[in-house]
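[1] Sequence first, then the predicted structure:
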Amino acid sequence: QVQLVESGGGLVQAGESLTLSCVTSGRTNSNYIMGWFRQAPGKEREFVAAISQSGAVMYYADSVKGRFTVSRDNARNMVYLQMNSLTAEDSAVYYCAAGVQSYFDHRTYEYWGQGTQVTVSS
């Protein structure tokens with residue numbers, strides 16, 4: 001069993017930056033693709049970014065490409081999402097997830113954190 005805990009969410013103004021962190025426990029996170037997803041009220045959960053087990057490969061949603069950076073530290077079982085130039089459209093609950101099958105499809109991720117709220121005021 002893998003437990004994921006996100007942190008770092010909060011309220012920021014448009015144009016500011018925020019870094020989300022996710023710590024895994026139970027099993028080493030180097031076994032898993034790690035993904036970040038978000039869900040705004042009334043909307044479906046959407047892919048934000050993902051990183052391969054080794055950290056060599058990263059994928060981003062078009063809406064965040066160039067502004068967000070995903071990284072991981074397997075020695076510390078940590079995954080990060082650096083978010084720059086935030087806009088109101090980035091407001092959502094952000095979830096960290098671990099899986100082995102797919103980078104983009106949230107339905108294939110096996111383990112999820114509880115989520116952390118990001119609110120961007122315009």
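    Sure thing, it's come through.
[2] Contacts only, for the residue nearest to residue 70 when sequence neighbours are not counted.
    Distance criterion Cβ to Cβ, 6 or more residues apart in numbering; nearest residue to residue 70, sequence neighbours excluded, is residue 49 at 4.0 Å. All C-beta spots, glycine's among them, are computed from the backbone N, C-alpha and C. With contact taken as Cβ atoms under 8 Å, 6 or more residues apart in numbering, residue 49 is in contact with 35, 36, 58, 59, 60, 61, 64, 68, 69, 70, 81.
[3] wait, is the fourth one part of a helix?
    Pointing back at residue 59 there. No: note on residue 59: no helix contains this position according to DSSP: H, G, I helix; E, B strand; the rest coil, which reports strand.
[4] Let's check: the centremost residue of this structure is which one?
    Residue closest to the mean C-alpha point of the chain, counted by Cα atoms, centre = their mean, is residue 36 at 2.4 Å.
[5] how far away is it from residue 122?
    For residue 36, the distance to residue 122 under the criterion Cβ to Cβ, to the nearest Å works out to 22 Å.
[6] Which residues does the helix or strand that residue 118 is a member of contact?
    In the assignment (DSSP states H and E), residue 118 maps to strand 116-121. With Cβ under 8 Å, 6+ apart as the contact definition, strand 116-121 has outside contacts at 6-14, 16, 18, 20, 38, 83, 86-94.
[7] Generate a ChimeraX selection restricted to the buried subset of the residues you listed.
    With 16 or more other Cβ atoms under 10 Å as the criterion, this ChimeraX line picks the buried residues out of these:
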select :6,8,9,12,18,20,38,83,86,90,91,92,93,94
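[8] Quick check: helices, which of the contacts of strand 116-121 are part of them?
    Cross-referencing the contacts of strand 116-121 against helices under DSSP state H gives no overlap.
[9] tell me the contacts of residue 52?
    The contact partners of residue 52, taken as Cβ under 8 Å, 6+ apart, are 33, 58, 103.
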